[in-house]
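S.K.: sequence first, predicted coordinates after that:
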Amino acid sequence: MGVNSSKGFNFKLIASGSQLDLFQDETITVSNNVTGLFDIGVLPSEFTRQISIPGTKNNNAFFKHVYDISVENPYLFATNVKVPAYFDFDGFYISQGYLQLNKVNVRANKFIESYEISIYGTLSSFSRDINRVYLTDLSNLSIYNHTASYDNIKASWDGNLFSGNIVYPLCDYGTGLQYTSGQYETNGINKSDGGLTTQDFKPAIRAKAVMDAIFQYTGYTYSSDFLNEAWFDDVYMICNNSLKYPEFSGVNLETYGTAKINAISGSGMTDVVLPADTFVTVPWYNKLSDPTNIIGVNSSYNVQKASSLKGILNLNINVSCSVNNMPGTLSANGTWQYRFIETGSSTPYSLNAIQPFIFFFDQLQNSRTGGINTTYELQAGFVTSEKLPVGNYYFQIKQRPNVATGTLPLVTMDPQSTTKSYLQITKAKQAADGRIMDIQSNMPFGESGIKLVDFIKGLQKKYNLVIYPDNTKQNHFIIEPFNSWYDNGEIKSFDKYINLDEIIEVVPANNLAVNKLQFGDTLGNDYIAQQFQKENTREYGKTYYTDTENYFSQGEFKVETNFSVTPLSYVPGTGLSGSAAGITPPSQQVYSYYFGNSGWGSDSLACNNTSYFPNTLYAAASPLTAGTVLYTDSGRTNTFNGGYSFWKYVPGNGSQYQSVFVTSNGVVGSSTLC
C-alpha cells in the first residue's frame with residue numbers, strides 16, 4: 001500500500017504525544033510492501049523517511065532549544081534516545097515509529113529555520129535493534145538457568161524442566177557415541193564404563209521461548225495465533241555453542257582434566273620390568289599434554305573435583321618366556337589390572353581388569369605352543385569404576401600370567417629404550433555435575449555470532465510468516481502466516497490518492513514468473529550433512545520445482561532459510577533392519593556344560609530373558625544388569641570338590657548369556673555365548 005500526501009489530504013506528525021508543525025508542501029510516501037513484511041533484515045523496512053519541519057515556537061519548545069549552544073547543563077533534548085512518533089493520515093493509516101533529530105538549520109545565528117529529522121517505522125526500528133544484538137546477548141534467558149544434573153536432564157524428558165521450555169535431547173556432539181558390539185568392549189553407552197554423564201548432554205530451548213526473550217529484551221511485544229499452536233511447542237533449538245561439551249563459567253570442559261604422559265628414553269623410564277602379580281607405578285614423566293596443569297610430582301594426577309576418569313593405556317611390551325605362559329589370560333590365574341592409588345596412601349581406587357589385553361593374550365595362549373620372545377604394542381580404553389576423591393594419584397598396572405608357578409614370562413615395558421607407551425586421560429566424567437547451566441552463554445554462536453535478526457528471518461522463511469506493526473498499539477507486532485495475513489486483508493479505495501492523468505502501468509504476472517523454485521535450508525558444515533550432499537549430489541531437505549507449463553517463465557528463485565539442516569544419525573549398534581515391531585529374543589539353543597564322573601554333559605536351555613531353567617536357582621532381576629547370575633547348578637561335579645557352573649548375563653550385540661564353570665581350583669572349560 002502506498003500513500004502520498006497532497007493538497008486536500010493532510011497528515012499529522014505526532015511525537016511523544018505532541019503534534020509538530022509541518023511545512024505545507026511536505027510530501028510523504030509510506031509503503032507497506034511484501035518485501036518489508038518478509039525480510040525484516042533489509043533496511044529500510046516498512047519505511048524510513050527524512051523530512052524538514054519549520055522552526056516554529058511549538059517545534060522549538062519540543063526540541064527544548066537544542067540549537068542554543070550556550071545551554072550546557074542540563075542537555076535538554078537527548079539526541080541519542082528514541083522518541084516515539086507516528087504519522088496520522090486523517091485516521092486512515094497510522095504508522096508507528098520513532099523520530100531522530102539529524103540537524104538544526106540556524107539563520108543569522110539567531111533564528112531556527114528548520115529541523116531535519118528522520119522517522120523510522122516500528123518495523124524498521126525493530127530491525128535496527130535486533131541487527132546489532134546476538135543470541136548470546138539475551139541476558140533475560142537467565143530465567144532458564146539451572147543446575148547441571150542427572151535429575152534435571154531426566155526431568156526434562158517428561159516436560160518437567162521449566163514446563164518443557166528446556167529439554168535435553170540425546171545427540172552426539174563429537175564424542176562418537178556407540179553401543180557395545182563385542183564381549184570385550186566395555187565403553188559402549190549401554191555399559192557402566194561407557195555410560196553418558198551430565199556433560200555429554202546439551203540443552204535445547206523452545207523456539208517460542210527464544211522469540212519471547214527477543215521481544216522482551218528489545219522492549220517490544222507481539223501477538224500470534226500461529227506461534228501459540230500446540231505443535232509449535234515441539235520446535236526446539238539446540239544450545240550448541242561450540243565443540244563437544246556445554247559452556248560453563250570458569251572452566252573449559254574440552255580440556256578439563258585431560259593429560260597425556262609417556263616415557264623419556266633412559267632415566268629409568270624405559271625397559272621397565274613388570275613382575276608377576278605386582279602393581280607397578282608407571283614411571284613416565286614426559287608431559288605430552290597438560291593444558292590445565294594437573295600433572296604433578298613424578299607424574300601424579302591431581303583430581304580437583306571428585307570424578308571417574310576415562311582414558312587410554314597404550315603399552316609397548318616385550319614378552320619373553322621359554323614356555324607358552326602368557327601374561328594375563330582368561331584362566332583362573334591370568335589377568336591384567338589397573339588401579340589408581342593416592343600419593344602417601346596405601347588405599348587403592350578403581351581396581352579394574354584390562355579386558356582387551358586379557359582377551360589378546362588369551363587368544364595368543366590358545367593359538368600357539370612353545371616359547372616366545374616378541375614385542376607387542378597394545379591399546380585399551382578404560383573408565384574408572386568409581387569416582388576418585390579430590391587428591392593426587394598414581395596410575396598402576398599389574399600382569400599375572402596364565403600359569404602362576406614354574407617358568408614365568410618376562411614382561412618389559414618400552415624395551416630397548418623405545419618410548420611408544422603412554423597414558424592419556426581423555427575425560428573427567430563428572431566435571432560438569434553441580435555446575436550452573438547458563439542458557440545465555442550456551443546459545444548457538446556459529447562462526448561469528450548469530451544475530452537476533454537472523455534467528456527471526458530464519459523462522460519467517462521457514463514458516464512463510466509476515467511480521468507487521470499494529471498501527472494502533474505502540475511497539476506491538478502481529479505475526480501470522482502469509483495466507484492468513486492475505487485472507488484477512490481489507491479492501492480499500494485508493495481512488496483519491498491516484499493521479500489518473502498519469503500513465504498507469506500494468507504488468508501481467510506471467511511475465512514475472514520464474515522457471516525454477518528451490519525451497520530449503522542452508523547446507524550445514526557438519527560431517528553428516530556434507531557426506532549426504534556428496535553421495536546424493538543434493539543438499540538434505542531441499543525441495544525443487546520446475547515450471548513446465550509457462551512458456552515465458554525464466555530464471556531461478558530460492559527460498560532459503562539461514563538455518564542449517566542435517567540428517568539424523570543413529571548410534572552404531574542400535575539400528576534395527578526390517579520391521580520396527582521390536583527385538584525378537586534369539587531362538588537358538590545353547591548348552592550348560594558340566595564336568596562329572598562320566599565326562600562332559602549338557603542341558604539344553606532356551607536363550608532368552610524369561611526362561612526358567614530346569615533345576616535352577618533363577619536370581620535375575622528385571623531389567624537384567626551386567627553380571628547378574630541367572631542360573632546356578634551345584635552338585636553336578638562331585639569329582640572337583642564343590643565345583644559348580646553358572647550362567648551370567650552379558651549385554652551386547654546378541655550376546656545375552658555367558659557360561660562360566662568354576663571349581664575349587666578356579667575356572668575350567670571355555671565360555672559359551674549366545
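M.R.: Thanks, I have the structure now. Residues are numbered from 1 along each chain as shown.
S.K.: wait, what's in contact with residue 104?
M.R.: The contact partners of residue 104, by Cβ atoms under 8 Å, 6 or more residues apart in numbering, come to 55, 63, 66, 67, 112, 114, 115, 116. Just so you know, the C-beta spots here come from the backbone N, C-alpha and C atoms, and that holds for glycine as well.
S.K.: strand partners of the host helix or strand of it, parallel vs antiparallel please.
M.R.: In the assignment (DSSP states H and E), residue 104 maps to strand 93-107. Strand 93-107 has the following sheet partners, assigned by DSSP bridges: strand 83-89 (antiparallel), strand 111-121 (antiparallel).
S.K.: show me how far that strand is from its chain's centre.
M.R.: 46 Å (Cα atoms, centre = their mean, to the nearest Å).
S.K.: and that strand, C-alpha only, in CSV?
M.R.: Below are the C-alpha coordinates for strand 93-107, written out as CSV (Å, rounded to 0.1, in the frame of the first residue of the first chain):
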residue,chain,number,x,y,z
TYR,A,93,-3.4,4.9,8.2
ILE,A,94,-1.4,5.3,11.4
SER,A,95,2.2,4.4,11.1
GLN,A,96,4.0,3.9,14.4
GLY,A,97,7.7,4.6,14.7
TYR,A,98,10.5,6.8,16.1
LEU,A,99,11.9,10.2,15.4
GLN,A,100,15.6,11.1,15.2
LEU,A,101,16.9,14.6,15.1
ASN,A,102,19.6,14.9,12.4
LYS,A,103,20.3,18.6,12.0
VAL,A,104,19.2,22.1,13.0
ASN,A,105,19.4,24.9,10.4
VAL,A,106,20.0,28.2,12.1
ARG,A,107,19.8,31.6,10.1
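S.K.: for the residue nearest in space to the middle of the chain, which three-state class applies?
M.R.: The C-alpha lying nearest the average C-alpha coordinate of the chain belongs to residue 240 (Cα atoms, centre = their mean; 4.2 Å). Assigned with DSSP: H, G, I helix; E, B strand; the rest coil, residue 240 falls in the coil class.
S.K.: so who does it touch?
M.R.: 173, 202, 442, 444.
S.K.: just among these, which is most surrounded?
M.R.: residue 442 (23 neighbours; other Cβ atoms under 10 Å).
S.K.: mean pLDDT per helix and strand in this protein: which one sits at the bottom?
M.R.: In the chain, no helix or strand scores lower on mean pLDDT, DSSP states H and E than strand 589-596, which sits at a mean of 33.
S.K.: ranges for the helices of the stretch 251-400 of the chain?
M.R.: Per DSSP state H, counting those that start in this stretch, the stretch 251-400 of the chain carries helices over the ranges 355-367.
S.K.: right, and the strands paired with strand 93-107 - which one's nearest residue 522?
M.R.: Nearest to residue 522, of all these, is strand 111-121, at 28.7 Å by Cβ to Cβ.
S.K.: for that closest one, what is the average pLDDT?
M.R.: Mean pLDDT, strand 111-121: 84.
S.K.: return the set of buried residues in it.
M.R.: Residues 112, 114, 115, 117, 118, 119, 120, 121 are the ones in strand 111-121 that count as buried (16 or more other Cβ atoms under 10 Å).
S.K.: kindly report the same for stretch 136-153.
M.R.: Within stretch 136-153, judged by 16+ other Cβ under 10 Å, the buried ones are 136, 138, 141, 144, 146, 148, 152, 153.
S.K.: likewise stretch 248-260?
M.R.: Within stretch 248-260, the residues that qualify as buried by neighbour count (16+ other Cβ under 10 Å) are 248, 251, 253, 256, 257, 258, 259, 260.
S.K.: how close does the closest residue to the fourth one other than its chain neighbours get to residue 161?
M.R.: Nearest residue to residue 256, sequence neighbours excluded (Cβ to Cβ, 6 or more residues apart in numbering): residue 431, at 4.9 Å. Residue 431 sits 21 Å away from residue 161, going by Cβ to Cβ, to the nearest Å.
S.K.: how far off centre is stretch 391-407?
M.R.: The chain centroid and the centroid of stretch 391-407 are separated by 40 Å, computed with Cα atoms, centre = their mean.
S.K.: just stretch 459-466 next, same as before
M.R.: How far stretch 459-466 lies from its chain's middle: 24 Å, per Cα atoms, centre = their mean.
S.K.: returning to that earlier point: quick check, nearest of the contacts of residue 240 to residue 81?
M.R.: Of all the contacts of residue 240, residue 81 sits closest to residue 444, with 31.7 Å by Cβ to Cβ.
S.K.: list the contacts of the closest one.
M.R.: Residue 444 neighbours (Cβ under 8 Å, 6+ apart): 135, 237, 238, 239, 240, 241, 450.
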